[in-house]
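1. Dropping the sequence and predicted coords here.
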Amino acid sequence: MEIRLRNTLTRQIEPVAPMDGRRLRMYTCGPTVYDYGHIGNFRTFVAVDLFQRFWRSQGRELVTALNLTDIDDKMIERARAAGHDVAAHAALYAEAFWADSAALGITKADHVARATEYIPAMVAWIERLVAAGHAYASEGSVYFRVASFPAYGRLSGKDLEGLQDGARVQSDTYDKEQARDFVLWKAHKPGEPSWPSPWGPGRPGWHIECTVMSTTLLGESFDLHAGGVDLIFPHHENEIAQAEAATGQPFVRHWMHVEFLLVNGEKMSKSLGNFYTVRDLVAQGHRPSSVRYLLASVPYHRQLNFTLDGLHQAAAAVNRLRSFQDRLARQSWPTQENAELTAAIRAGEEKFTASLADDLNTSEALAAIFEALRQANVAMDAGEFGASHAAAFAAWLERFDAIFAVLGLAAQEAAAAESGALADAVVEEKMAARAAARARRDFARSDALRAELEAAGIIVEDRKSGAVWRRK
Ligand code: AMP
Ligand code: ZN
């Protein structure tokens with residue numbers, strides 16, 4: 001079946017097709033790890049996860065990459081405020097991000113890239129742009145010369161004429177030729193982390209980080225790039241300019257942008273203070289599966305208004321599916337066959353799959369499964385539900401959950417509630433607490449956490465790139 005997604009670049013819904021004819025290569029702009037992510041951030045990652053799970057469930061090949069922004073203005077500012085060095089601050093919130101992702105059933109990307117591990121490659125890329133006349137150095141910083149790249153603005157459809165003032169402007173203490181030029185390399189400022197470069201010590205700009213990590217991991221031209229709608233301009237516009245100006249090839253074929261999660265009509269965001277983290281909601285007694293279901297229930301290209309009432313309805317929907325699944329397994333069903341119901345289940349699953357293939361229409365896919373569930377309940381009450389129906393529906397629920405991943409979270413949620421055998425999310429949580437303890441040099445606490453984990457059969461290893469864990 002052809003799988004289609006809307007493409008921000010062409011403003012059309014188009015088939016997603018690997019350019020090598022075999023394996024789809026997909027990059028997602030990950031979090032800036034300066035604080036806990038809120039569920040608005042996770043809406044984007046859940047939508048990406050749904051697409052990737054759906055793609056794989058159709059037997060297609062996929063390689064995925066996600067970055068963690070562990071150096072930028074916000075990172076420096078927030079680490080300073082917390083009294084951490086930037087690397088320790090990033091390690092702490094990277095762990096928290098993995099814990100929350102695991103709690104929400106998000107599959108970890110095949111490649112995870114931390115910006116600070118790619119700095120020599122970023123410097124080399126900037127040198128390439130300078131050599132080609134697309135970038136210039138000024139007072140220890142380097143800027144992209146937007147006027148040298150005529151396709152600038154194609155993704156966002158922005159009219160940039162207003163910005164073409166031609167005047168030399170002083171901006172953020174860095175000297176640029178034109179106001180719309182953007183920074184590739186920032187000259188060192190006292191008290192900030194810095195790396196060597198041909199232009200003197202400094203650090204990369206945020207936009208160049210993604211161009212270099214994505215092309216290093218996936219190739220100079222790749223298939224699909226995702227992020228929230230707020231990244232279309234300037235972040236993704238700049239990624240395209242940096243990539244295509246250097247390589248002369250199309251950077252990305254297909255751009256997927258996830259709409260905002262809103263609260264009372266406003267974007268959920270840190271700065272408005274109207275946000276919930278996954279851990280806030282769990283602490284209030286909500287289950288991660290309800291959060292995942294709620295985030296998944298509205299198609300990614302439509303805004304979704306978050307309410308606690310919506311979260312309760314999501315929990316009820318997950319409960320309905322779970323108890324139906326239980327009933328299928330536990331009850332014994334007669335061997336008779338109601339051909340009409342057999343056809344309805346088959347048609348329901350076809351509708352489910354076709355809806356997801358059609359620009360990831362999750363709300364129609366969910367409607368299809370609940371409609372079939374209603375018909376099954378009617379047949380059960382009438383004594384017309386047979387063993388073949390039970391088998392067909394159980395198989396569909398398995399395929400459903402390979403994508404929506406809310407039924408399978410039950411085990412993890414029960415384990416978290418009992419805290420007997422530790423669920424992955426709980427282990428990640430303790431690993432995060434341990435990283436935090438180490439960051440503040442509280443080794444007594446960090447050793448106590450290691451002992452707690454070991455008692456639960458978890459082996460912790462400290463590596464140069466950070467601590468890792470596995471089960472005994
Ligand atoms: P950040 O950690 O701020 O760099 O954001 C991580 C990702 O979350 C980006 O792809 C953002 O576009 C996305 N994002 C931020 N706020 C929201 C929101 N309210 N709804 C949906 N996605 C969001
Ligand atoms: Zn990015």
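-> That came in fine, so what should we check first? Residues are numbered from 1 along each chain as shown. Ligands and ions are numbered 1, 2, ... in the order given.

2. tell me which parts of the stretch 251-400 of the chain are close to ligand 1?
-> When proximity is defined as CB under 6 Å from any ligand atom, the stretch 251-400 of the chain approaches ligand 1 at 258, 260, 261, 267, 268, 269. The C-beta positions use only the backbone N, C-alpha and C, and glycine is treated the same way.

3. try it again with 5 Å
-> For the stretch 251-400 of the chain, the residues in contact with ligand 1 (CB under 5 Å from any ligand atom) are 260, 261, 267, 268.

4. measure the residue in the chain positioned nearest to ligand 1 to ligand 2 for me?
-> Per CB to the nearest ligand atom, residue 228 is where the chain lies closest to ligand 1, at 1.9 Å. Using CB to the ion, to the nearest Å, residue 228 is found at 10 Å from ligand 2.

5. now swap in residue 391 and tell me
-> Distance, residue 391 to ligand 2, by CB to the ion: 45 Å.

6. okay, that residue: pLDDT?
-> The score at residue 391 is 97. That number is its pLDDT.

7. on that earlier part again, and the residues of the stretch 251-400 of the chain next to ligand 1, which are buried?
-> 260, 261, 267, 268 (16 or more other CB atoms under 10 Å).

8. So the first one is in contact with residue 275, correct?
-> Right, the one you point to is residue 260. No - Residue 260 lies out of contact with residue 275 (CB atoms under 8 Å); the separation is 11.8 Å.

9. Common neighbours of the two, please.
-> Common neighbours of residue 260 and residue 275, counting by CB atoms under 8 Å, 6 or more residues apart in numbering, are 40, 268.

10. Which helix or strand lies directly C-terminal to the longest helix along the chain?
-> As assigned by DSSP state H, the longest helix anywhere in the chain is helix 308-330. Heading C-terminal from helix 308-330, the first helix or strand you meet, by DSSP states H and E, is helix 339-357.

11. And that following helix, what does it pack against?
-> helix 39-57, helix 362-381, helix 387-404 (3 or more CB pairs under 8 Å, 6 or more residues apart in numbering; DSSP states H and E).

12. Quick check: the residue nearest to residue 49 when sequence neighbours are not counted vs residue 31, distance?
-> Nearest residue to residue 49 in three dimensions, chain neighbours excluded: residue 106, at 4.6 Å (CB to CB, 6 or more residues apart in numbering). As judged by CB to CB, to the nearest Å, residue 106 and residue 31 stand 12 Å apart.

13. The residue of the chain closest to ligand 1: neighbour count?
-> Other residues lying near residue 228 total 21 when counted by other CB atoms under 10 Å.

14. So what's the residue count around the residue lying closest to it once chain neighbours are set aside?
-> In space, and not counting its chain neighbours, residue 228 is closest to residue 44: 4.6 Å by CB to CB, 6+ apart. By the measure other CB under 10 Å, the count of residues near residue 44 is 28.

15. And residue 79, by the same measure?
-> The number of residues packed near residue 79 is 22, by other CB under 10 Å.

16. That one against residue 86, yeah?
-> Yes - look at residue 79 against residue 86 with CB under 8 Å: they come within range, at 4.5 Å.

17. quick one: contacts for the residue in the chain sticking out farthest from the centre?
-> The outermost residue of the chain relative to its centre, with distances by CA atoms, centre = their mean, is residue 336 at 45.6 Å. Residues in contact with residue 336 (CB under 8 Å, 6+ apart) are 384, 386.
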